[in-house]
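# Next input, structure requested:
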Amino acid sequence: MLGMMFTDKECKEFDYMLRKEMDEMLLDMSDRRLDGPVKEAISKRYKVIFRMYARIAPPRELSRYALGLKTNR
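Here you go, the predicted model:
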């Protein structure tokens with residue numbers, strides 16, 4: 001386990017970076033040009049980043065990205 005302390009500004013930036021990364025991955029997963037193994041790798045990475053985001057996100061925002069987790073298995 002690794003612990004880190006962030007200022008409020010750093011926490012907001014971290015939140016923003018995680019959301020943008022998940023948005024990009026959801027967009028990539030909807031791309032029909034990508035094949036199965038690539039989508040599987042993106043899906044695994046999405047799950048890791050989603051768990052990181054779940055630690056800092058409010059429940060309302062979290063549910064928005066949890067839907068992407070369900071539809072892209």
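
# can you give me the helices for the protein?
Using DSSP state H, the helices assigned to the chain run over residues 8-29, 36-54, 59-71.

# Out of those, which gets nearest to Met1?
helix 36-54 (13.2 Å; C-beta to C-beta). Using the backbone N, CA and C atoms, a C-beta is placed for each residue, glycine as well.

# How far does that closest one sit from its chain's centre?
7 Å (C-alpha atoms, centre = their mean, to the nearest Å).

# What is that helix packed up against?
Using 3 or more C-beta pairs under 8 Å, 6 or more residues apart in numbering; DSSP states H and E, the elements in contact with helix 36-54 are helix 8-29, helix 59-71.

# how about JSON lines for those, with mean pLDDT and distance to Met52 added?
Formatted as JSON lines, the helices and strands packed on helix 36-54 follow (pLDDT from 0 to 100; distance: least, C-beta to C-beta, whole Å):
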{"stretch": "helix 8-29", "mean pLDDT": "94", "distance to Met52": "6"}
{"stretch": "helix 59-71", "mean pLDDT": "77", "distance to Met52": "11"}
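
# As JSON lines, those helices with distance to Arg45 and mean neighbour count would be great.
Converted to JSON lines, the helices and strands packed on helix 36-54 look like this (distance: least, C-beta to C-beta, whole Å; neighbours: other C-beta atoms under 10 Å):
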{"stretch": "helix 8-29", "distance to Arg45": "7", "mean neighbour count": "14"}
{"stretch": "helix 59-71", "distance to Arg45": "12", "mean neighbour count": "12"}
